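Participant: The sequence and its predicted three-dimensional model are supplied below.
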Number of protein chains: 2
Amino acid sequence: MGIAERKLEEKQEMRKRILDAARKIFLEKGYEKASIRNIANEISYSPGMIYFHFKDKSEVFYELHKEGFRLLMTRLKVLDSVADPFERLKAVGRVFIQFAQDNKDYYNLMFIEEPASKTGEAGGFQIAKEAISHLIELIGECQRQGRFQHADIEDFSFMFLSSVHGICALFCKDRTTNFQNKTNEELMEHGYACFVSLLEKG
Amino acid sequence: MGIAERKLEEKQEMRKRILDAARKIFLEKGYEKASIRNIANEISYSPGMIYFHFKDKSEVFYELHKEGFRLLMTRLKVLDSVADPFERLKAVGRVFIQFAQDNKDYYNLMFIEEPASKTGEAGGFQIAKEAISHLIELIGECQRQGRFQHADIEDFSFMFLSSVHGICALFCKDRTTNFQNKTNEELMEHGYACFVSLLEKG
DNA sequence: CTAGTTTGTTAAACGGTGTTCATTTAAAAT
DNA sequence: ATTTTAAATGAACACCGTTTAACAAACTAG
């Protein structure tokens, strides 16, 4: 069945071409302002064609959503080599912040914006769930080393994630401009350092 | 000039009627999905009429944006009676979180969503600036009482705001569902308590 | 090799969006 | 009573996501 195979490949290639165009448009304009017509135009096809390859706009979006998570995960995987769990935890936050700085638009797509119809909840959010399990486990390790003894693991994990996400979210929505004496990057890094020094005392 | 006065009043009343409808629609559907036609329909006027009273959709939005800030500020003002600055700081966080819980949609409008054209930057963001100045001052007071000695005030303020906002932002975008053993409210409050206990050690 | 079927694509259409503008209506000023 | 002004309208413009009838190309069966 060499023909069916080739057909499948062609279809996947078309999917890829659509996603490449969608990535460009989505990251450029954000979810709402990007249009199916823009994406189709980018690759010189009719808008309707996209609906042969994807269910709707939000499905295209969630493909990139997942892509963003894979990107972030790749960066986080590197930290497996860090032996000390607390050092690893601190690095997780730094990687998160660095990721947000390098990929403001992805970060928006992944954690802030979201299409109304949650087509890919199972897809995009599954990865998020795994990431959180990882974080909880990591904090468990820290506790086994004597850190954060009095805290509930889930509460503490949520708090850690909130703090890091808060830094990134303020950055991504340009709410950092009200703190003026520093660049955004400095503010984020100093803010995180500040948080870390609290952690070190706990 | 009793007539001119009455005319002005009528115009302001029309503005108010539009804003009442807009509040309902915006808080119900969010910025993007709410439409000028929805709002106009709500008060049985033509869509075009709104453009006589407001420059565009984002100007209507920013009026509610400011309204949300006034609401939050009213809640924060109550804390002026709390003498101890650190107690006041802790309460500020609680009020923020409570506000987000009670007014999820306002919180979204105020801190997360935003129209592309930033008509009311001067308006809505001015209040935010004041609020931050207040926060910085409050943290300064805490320092004068011996707390957070080693931290830069701006960095620390940003960190505090990030943590609190992070908690609220995760809640408002339904990213709390991945922590399952608690209700959202419990998770937020326990998470914040966790953060506060870190502060108490710093 | 032909006839029929499947597949990928298109153009047009539907009902929606923000916004503009000529036109109408009604009230105020002359 | 007539002119001027202010307020509201509704049609129009250029978009939007999505559906669908039509269509050409490619594949399959006889």
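Facilitator: Perfect, I can see it now. Numbers count the residues shown, from 1 in each chain, chains lettered A, B, ... in the order given.

Participant: so A:F61 touches A:L109, yeah?
Facilitator: Yes - judged on CB atoms under 8 Å, A:F61 makes contact with A:L109 at a distance of 7.3 Å. Glycine gets a C-beta too; all of them are placed from N, C-alpha and C.

Participant: between those two, what contacts are shared?
Facilitator: Common contacts of A:F61 and A:L109, defined by CB atoms under 8 Å, 6 or more residues apart in numbering or on different chains, comprise A:F26, A:Y31.

Participant: which residues does the closest residue in space to A:G140 that isn't next to it in sequence contact?
Facilitator: Nearest residue to A:G140 in three dimensions, chain neighbours excluded: A:I153, at 5.7 Å (CB to CB, 6 or more residues apart in numbering or on different chains). Residues counted as contacts of A:I153 (CB under 8 Å, 6+ apart) are A:I136, A:I139, A:G140, A:Q143.

Participant: May I see those arranged in CSV, with pLDDT and neighbour count as well?
Facilitator: Written out in CSV, the entries for these read as follows (pLDDT from 0 to 100; neighbours: other CB atoms under 10 Å in any protein chain shown):
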residue, pLDDT, neighbour count
A:I136, 95, 19
A:I139, 97, 23
A:G140, 97, 15
A:Q143, 97, 16
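
Participant: between the residues you listed, which is nearest B:D174?
Facilitator: Sorting the contacts of A:I153 by how near they are to B:D174, with CB to CB, puts A:I136 at the top with 18.9 Å.

Participant: Buried by neighbour count: which residues of stretch A:25-42 qualify?
Facilitator: Of the residues in stretch A:25-42, those with enough neighbours to count as buried (16 or more other CB atoms under 10 Å in any protein chain shown) are A:I25, A:F26, A:L27, A:Y31, A:E32, A:A34, A:I36, A:N38, A:I39, A:A40.

Participant: Show the low-confidence segments of chain A, by residue range.
Facilitator: Applying pLDDT under 70 to chain A flags the ranges A:1-4, A:115-124.

Participant: and it, what are its domains?
Facilitator: Here the domain assignment for chain A is A:1-54, A:61-201, based on automatic domain parsing.

Participant: Now do A:Q12 against B:G191, distance only.
Facilitator: Separation of A:Q12 from B:G191 (CB to CB, to the nearest Å): 42 Å.

Participant: Please apply the same query to A:K55.
Facilitator: Using CB to CB, one obtains 36 Å as the distance from A:K55 to B:G191.

Participant: Tell me which helix or strand the residue in chain A that chain B sits nearest to sits in.
Facilitator: With CB to the nearest CB, the shortest gap between chain A and chain B falls at A:G166, namely 2.7 Å. Taking DSSP states H and E as the definition, one finds A:G166 inside helix A:153-172.

Participant: now A:F99, nearest residue through space, not along the chain?
Facilitator: If you skip the residues right next to it in sequence, A:F99 has A:L72 as its closest partner in space, 5.3 Å away by CB to CB, 6+ apart.

Participant: count of residues packed around the one you found?
Facilitator: Using other CB atoms under 10 Å in any protein chain shown, A:L72 has 22 neighbouring residues.

Participant: near DNA strand C, which residues of chain A?
Facilitator: Counting by CB under 7 Å from any atom of the strand, the positions of chain A adjacent to DNA strand C are A:K7, A:E10, A:K11, A:M14, A:S44, A:Y45, A:S46, A:P47, A:G48, A:M49, A:F52, A:H53.

Participant: returning to that earlier point: how near is the residue nearest to A:G140 to B:H134?
Facilitator: Taking CB to CB as the measure, A:I153 and B:H134 are separated by 34 Å.

Participant: cool, A:K57 as well?
Facilitator: A:K57 is 42 Å from B:H134, by CB to CB.

Participant: same deal with A:E185?
Facilitator: In this structure, A:E185 lies at 25 Å from B:H134, with CB to CB as the measure.

Participant: and if you look at A:N184?
Facilitator: Relative to B:H134, A:N184 is positioned 22 Å away (criterion: CB to CB).

Participant: picking up where we left off before, next, the contact list for the residue nearest to A:F99, please.
Facilitator: Contact analysis of A:L72 by CB under 8 Å, 6+ apart lists A:V95, A:F96, A:F99, A:M110, A:A131.

Participant: May I ask which two of the residues you listed are separated the most?
Facilitator: Pairwise distances among the contacts of A:L72 were taken by CB to CB; the largest, 14.0 Å, belongs to A:V95 and A:M110.
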